[in-house]
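Enquirer: Take a look and give me a structure for this.
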Amino acid sequence: MKPLGFLRLLELLVQLALSLTAIHVHAFSTTNSITYTHYRGNAKNKPSDRLCATTPSNQGGSLPSLPDIRAAVIVPGFLTGKSDFVPLANSLNNIGIPTVVVPMPNWHWLPCLGGRSMRPMLERIDFTVRHLSGVAGSLGDFERTTTEGLEKSLEEAMEREGDKEKKQTDPQLLIPNFSYNPIDCYQDFRNNPGGVLEVGGSAEPDQYPLWNPKGTFPTAPEPSGRVALIGHSAGGWICRAYLSDRNYGGKSYSGKQFVHSLITLGSPHGNAPGPAFKGVEWVNNEVLDSGVRALAVGGTGYKGDSSGQLTQGAYSFCCPVGSDGSQYDGDGVTPIQSALAMKEYVPHADTLTLNDVGHFPWSDVFGGETVAPDLTKYHREGRPWYGDEDIIEKWAGWL
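Expert: Down below sits the predicted model:
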């Protein structure tokens, strides 16, 4: 079979896996009370004073303190990839926030099925953050960086691609591709520890054996500034693992050296039973007070008793024992209690509730009609999700 055909087969397998596992992976519960701190921002506002100051934040660690840069990396949610979030990145670029997406297709999630280690995803996040940090420039010279330095780097990147006519300020062009093939994916699928089958001997992240995911990642330039992370769905709690100094599956990423702010969109932050939630429990065992600003965004308007089978099943899985999920509200996948639960573990975090906002642009993706027919119908009829331009203005201004 030709490689392209095999990749297509893997994508089809991903869609099948989505229908079987979305309920169990995206939905989480919390019994903690939530303090709702509503933030009303406007993306067209001037960047906050903290992002316009030239004094770098003091994060310590092995790297010197870096200035904060108003640029961002989007981390796709479970079983989604770069192509699903390019429109969101473009919208943020258009309002003056240079943004890139972790450059991965959805089938790269396959080794993580069943609640196993997120090391493969953490490697991709680290790769992207370091590269954006390396080309971001310093905050005190940010305007020149975005107009001169960024354009110069883009011109050089496009000259390498032999397409000078594509000249545009698209920072995604500054993030190189990395090497990862189906054989790498198969080997990672076999060896990635944890999960339901307790590969490597345990489902507990602190007991994962030392293991390094496959893939060849080009070395990033020296970091020149800290950037923001925007994590969608499971990508949100995985970003919290990236920020931590603790050892996760054989490696400490200490991403707070390169990150000044974290926004999570419909991310499950509440603890729940089962191997699929061990990673969430792991990040919740640490109070994140690292100087990284945080905003948890959650949607409502999709009731468990009237938004389709996937929604009720997801909410039920995150509810107390005995509940069928019908009385819960959320974005159609993540209940609002779980989306805002980061506040319980990141005390300085802000929270934002968005009414009548869905989890994902279901009608825009392959398989949406099969996986979530009701949610696909609602999105096709015009109900928004976190990445619609009118909704972006409500949370992106926080940056």
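Enquirer: Please name the spatially closest residue to residue 78 (chain neighbours excluded).
Expert: If the residues on either side of it in the chain are set aside, residue 78 comes closest to residue 234, at 4.1 Å by CB to CB, 6 or more residues apart in numbering. C-beta here means a position set from N, CA and C on the backbone, and glycine is covered the same way.
Enquirer: Quick one: distance of the one helix or strand residue 91 maps to to the chain centre.
Expert: Using DSSP states H and E, residue 91 sits within helix 82-94. How far helix 82-94 lies from its chain's middle: 13 Å, per CA atoms, centre = their mean, to the nearest Å.
Enquirer: Buried by neighbour count: which residues of it qualify?
Expert: 82, 84, 85, 86, 88, 89, 91, 92, 93 (16 or more other CB atoms under 10 Å).
Enquirer: any chance of the residues you listed in CSV, plus distance to residue 362?
Expert: Below are the buried residues of helix 82-94 laid out as CSV (distance: CB to CB, whole Å):
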residue, distance to residue 362
82, 18
84, 11
85, 14
86, 17
88, 15
89, 19
91, 18
92, 21
93, 24
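Enquirer: For the stretch 201-350 of the chain, just list every one of the helices.
Expert: 234-243, 278-284, 309-318, 336-339, 342-345 (DSSP state H, counting those that start in this stretch).
Enquirer: Same list (these) but as CSV, adding mean pLDDT.
Expert: Below are the helices of the stretch 201-350 of the chain laid out as CSV (pLDDT from 0 to 100):
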stretch, mean pLDDT
helix 234-243, 97
helix 278-284, 93
helix 309-318, 84
helix 336-339, 93
helix 342-345, 93
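Enquirer: Next, format those helices as JSON lines and append mean neighbour count and distance to residue 211.
Expert: Listed next are the helices of the stretch 201-350 of the chain as JSON lines, based on neighbours: other CB atoms under 10 Å; distance: least, CB to CB, whole Å:
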{"stretch": "helix 234-243", "mean neighbour count": "27", "distance to residue 211": "16"}
{"stretch": "helix 278-284", "mean neighbour count": "23", "distance to residue 211": "15"}
{"stretch": "helix 309-318", "mean neighbour count": "23", "distance to residue 211": "28"}
{"stretch": "helix 336-339", "mean neighbour count": "28", "distance to residue 211": "29"}
{"stretch": "helix 342-345", "mean neighbour count": "23", "distance to residue 211": "26"}
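Enquirer: Out of these, which gets nearest to residue 72?
Expert: helix 234-243 (11.4 Å; CB to CB).
Enquirer: Tell me which other helices or strands the closest one touches.
Expert: When contacts are defined as 3 or more CB pairs under 8 Å, 6 or more residues apart in numbering; DSSP states H and E, helix 234-243 packs onto strand 68-75, helix 119-135, strand 226-232, strand 259-265, helix 278-284.
Enquirer: So which of these is nearest residue 393?
Expert: Comparing these by CB to CB, strand 259-265 comes nearest, at 13.5 Å.
Enquirer: Quick one: distance of the closest one to the chain centre.
Expert: In terms of CA atoms, centre = their mean, the centre of strand 259-265 is set 9 Å apart from its chain centre.
Enquirer: okay, which residue is most central for this structure?
Expert: Geometric centre of the chain, nearest residue: residue 231, 2.4 Å, by CA atoms, centre = their mean.
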